[in-house]
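Asker: Here's a sequence, model it:
(chains A and B)
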Amino acid sequence: MYAFNYHRPASLADAAKLLGSATDGKFLAGGQTLLPTLKQRLASPSDLVDLNGIAELNGITVSGGSVTIGATTRHAAVAASAEVKKAIPALAALAGGIGDPQVRNMGTIGGSLANNDPAADYPGAVLGLGATIHTSKRKIAADDFFTGMFETALEEGEIITKVEFPIPKRAGYVKFPNPASRYVMVGAFVAETANGVRVAINGAGPCAFRHKEMEAALAKSFSADALKGIKTDPGSMNNDIHASSEYRAHLVGVIAKRAVQAALG
Amino acid sequence: MTISVTMTVNGQSVTRDVEPRTLLVQFLRENLGMTGTHVGCDTSQCGACVVHVNGTSVKSCTILAAQAQGAKVTTVEGLAQDGKLHPMQEAFRENHALQCGFCTPGMIMSAIDLVQRNPNPSEETVRHELEGNLCRCTGYHNIVKAVMAGAQAMRG
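Answerer: Residues are numbered from 1 along each chain as shown, chains lettered A, B, ... in the order given. The predicted model follows:
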């Protein structure tokens, strides 16, 4: 790891100011991706601005038909929350399946979304539930947030403050993890919401995306059988040493059916 | 740039001036000379470096010492009380839950966190919850037996 300066501000305003005055600053949330990246010298920021001292960024509230999770809330806290388990069980289960127990004790929802790793879990839930991402500057709809591999709609210095998930009628999340790394190779988050059926696929493409053909089929009949025969274009899939694009495209169909079954309980 | 970091390690308050890039595991091993916490893979996969920060298990190779400012840290050295092994340590000894022993400190710290969250785990739960700890001797069978026995002992 190259040397850097470290700051731990207590307010959002101070965090933004510190990042603004740094030559090449980065925000630090749970650090479960950022620190390994720094250790491999794949990044060398001049300054790290630790967001964990900002109290308002942490916590879970359930009210008025939505679950709101603060940006620095740990995966373990979401997984263990009785309120989240009751309101959106698929979301709690997703959080409980990220990494391993020690990673879940540090990793945060805000960090996961800002990083937007194609193999991350949370983007599936955010897109699948049609969540709203609140930042230090504005609110961003899930449909506008994920723009590419490790790319998001966030501007320089913009901080995710919380994520608001509307509570669906039912939802299910299933992933096919890489057998060695346990990272998602293909994940599907299926939800029947007040605004229709949503199907988000993560792990398979450069970033999470909605499968509109599956959504239309499930809107007619919310059952695994409704997805029979729906093909996914391998051209839009990732192709790497872990899986070919054809294999991923095939898995999308298999995993989405399982996610529907999970949603049906 | 150096910064002053203060934390409580195994009940003792410690303060050191360190570079911000100092990892918690480096702080423990190099600044405090406490080598019970091991560095295995250094890529947050193997779990040899697991310690407790404010009561929950974390991989100390993937947290800065600065992030543990003001925290209560427990390492494997802090488990035994008055010369008596912690029930989980005793269970590892009784069940011969180690071969080379390198992964053992992390296994024990993860196991204690597991039992604190889930006092009566099934064998399946134990195997699943130890996902973040690797034993390169593949001595998992006795490790799982030890965690089950340790959980029973911790329940008292």
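Asker: Can you name the residues of the stretch 151-265 of chain A that neighbour chain B?
Answerer: Residues of the stretch 151-265 of chain A found near chain B (Cβ under 8 Å from any Cβ of the partner chain) are A:Arg182. Any C-beta I mention is one placed from the backbone N, CA and C, and that applies to glycine too.
Asker: mind redoing it with 6 Å?
Answerer: Applying the criterion Cβ under 6 Å from any Cβ of the partner chain, no portion of the stretch 151-265 of chain A neighbours chain B.
Asker: Just the closest residue of the stretch 151-265 of chain A to chain B, please.
Answerer: Evaluated by Cβ to the nearest Cβ, the stretch 151-265 of chain A has A:Arg182 as its residue closest to chain B, separated by 7.3 Å.
Asker: Can you tell me how far the closest residue to chain A within chain B is from A:Arg210?
Answerer: Closest to chain A within chain B is B:Gly132: 2.9 Å, counting by Cβ to the nearest Cβ. Separation of B:Gly132 from A:Arg210 (Cβ to Cβ, to the nearest Å) stands at 32 Å.
Asker: higher neighbour count, those two?
Answerer: B:Gly132 (22 against 17; other Cβ atoms under 10 Å in any protein chain shown).
Asker: Pretty sure the more buried one sits against A:Gln102.
Answerer: Yes. B:Gly132 is within contact range of A:Gln102, at 4.7 Å (criterion: Cβ atoms under 6 Å).
Asker: before we move on, the earlier item: and the residue of the stretch 151-265 of chain A closest to chain B, which helix or strand is it part of?
Answerer: Secondary structure from DSSP states H and E places A:Arg182 outside every helix and strand.
Asker: Repeat that for A:Ala249.
Answerer: A:Ala249 belongs to helix A:245-264, assigned by DSSP H and E.
Asker: for that helix, the distance to its chain's centre please.
Answerer: Relative to the centre of its chain, helix A:245-264 is centred 18 Å away, using Cα atoms, centre = their mean, to the nearest Å.
Asker: Pull out the buried positions in that helix.
Answerer: Under the neighbour-count criterion of 16 or more other Cβ atoms under 10 Å in any protein chain shown, helix A:245-264 has A:245, A:247-253, A:255-260, A:262-263 buried.
Asker: thinking again about what came up before, find the nearest non-adjacent residue to the residue of chain B closest to chain A, please.
Answerer: Once flanking residues are discounted, B:Gly132 sits nearest to A:Asp100: 2.9 Å by Cβ to Cβ, 6 or more residues apart in numbering or on different chains.
Asker: B:Gln45 too?
Answerer: B:Leu134 (6.8 Å).
Asker: Output the residue of chain A whose distance to chain B is smallest.
Answerer: For chain A, Cβ to the nearest Cβ, closest residue to chain B: A:Asp100, 2.9 Å.
Asker: Against B:Leu114, how distant is that residue?
Answerer: As judged by Cβ to Cβ, A:Asp100 and B:Leu114 stand 11 Å apart.
Asker: can you pull out the strands in the chain?
Answerer: I went with chain A, as the question did not name one. Ranges of strands within chain A are A:5-7, A:25-28, A:47-50, A:60-63, A:66-70, A:132-135, A:139-141, A:146-148, A:151-152, A:160-166, A:170-177, A:184-193, A:196-202, A:209-210, based on DSSP state E.
Asker: my bad, chain B
Answerer: Listed in chain order, the strands found in chain B under DSSP E are B:3-9, B:12-18, B:50-53, B:56-59, B:72-74.
Asker: Just put those strands in a markdown table and tack on distance to chain A and mean pLDDT.
Answerer: A markdown table is the format used below for the strands of chain B (distance: least, Cβ to the nearest Cβ, whole Å; pLDDT from 0 to 100):
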| stretch | distance to chain A | mean pLDDT |
| --- | --- | --- |
| strand B:3-9 | 6 | 98 |
| strand B:12-18 | 10 | 98 |
| strand B:50-53 | 6 | 98 |
| strand B:56-59 | 5 | 98 |
| strand B:72-74 | 13 | 98 |
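Asker: Format the ones you listed as JSON lines; extra columns: mean neighbour count.
Answerer: Shown next, in JSON lines, are the strands of chain B (neighbours: other Cβ atoms under 10 Å in any protein chain shown):
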{"stretch": "strand B:3-9", "mean neighbour count": "18"}
{"stretch": "strand B:12-18", "mean neighbour count": "13"}
{"stretch": "strand B:50-53", "mean neighbour count": "26"}
{"stretch": "strand B:56-59", "mean neighbour count": "27"}
{"stretch": "strand B:72-74", "mean neighbour count": "20"}
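Asker: Those strands: which one's closest to A:Asn239?
Answerer: Taking Cβ to Cβ, strand B:56-59 is the member of the strands of chain B nearest to A:Asn239, at 31.0 Å.
Asker: residues from chain B in reach of chain A?
Answerer: B:1, B:20-21, B:43-44, B:50, B:56-59, B:62, B:66, B:129, B:131-132.
Asker: And the residues you listed, which two are furthest apart?
Answerer: Using Cβ to Cβ, these span at most 38.6 Å, a distance reached by B:Met1 and B:Glu129.
Asker: More neighbours: which of the two?
Answerer: The residue with more neighbours, out of B:Met1 and B:Glu129, is B:Glu129; 20 against 10, by other Cβ under 10 Å.
Asker: In contact with the more buried one, which residues?
Answerer: By Cβ atoms under 6 Å, 6 or more residues apart in numbering or on different chains, the contact set of B:Glu129 is A:Pro101, B:Leu114.
Asker: How about residue 93: what's its closest non-neighbour residue?
Answerer: If you meant another chain, say so; for now it's chain A. Using Cβ to Cβ, 6+ apart, the closest residue to A:Ala93 is A:Tyr173 (6.4 Å).
Asker: should've been chain B
Answerer: Leaving aside its sequence neighbours, B:Arg93 sits nearest to B:Leu85 (Cβ to Cβ, 6+ apart; 6.9 Å).
Asker: Pull the residues that contact stretch B:149-156.
Answerer: B:Pro87, B:Met88, B:Ala91, B:Asn95, B:Val115, B:Pro119, B:Pro121.
Asker: Going through those residues, which ones are buried?
Answerer: Neighbour-count burial (16+ other Cβ under 10 Å) applied to the contacts of stretch B:149-156 gives B:Pro87, B:Met88, B:Ala91, B:Asn95, B:Val115, B:Pro121.
Asker: Turn the residues you listed into JSON lines, columns for pLDDT.
Answerer: Below are these laid out as JSON lines (pLDDT from 0 to 100):
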{"residue": "B:Pro87", "pLDDT": "98"}
{"residue": "B:Met88", "pLDDT": "98"}
{"residue": "B:Ala91", "pLDDT": "98"}
{"residue": "B:Asn95", "pLDDT": "98"}
{"residue": "B:Val115", "pLDDT": "98"}
{"residue": "B:Pro121", "pLDDT": "97"}
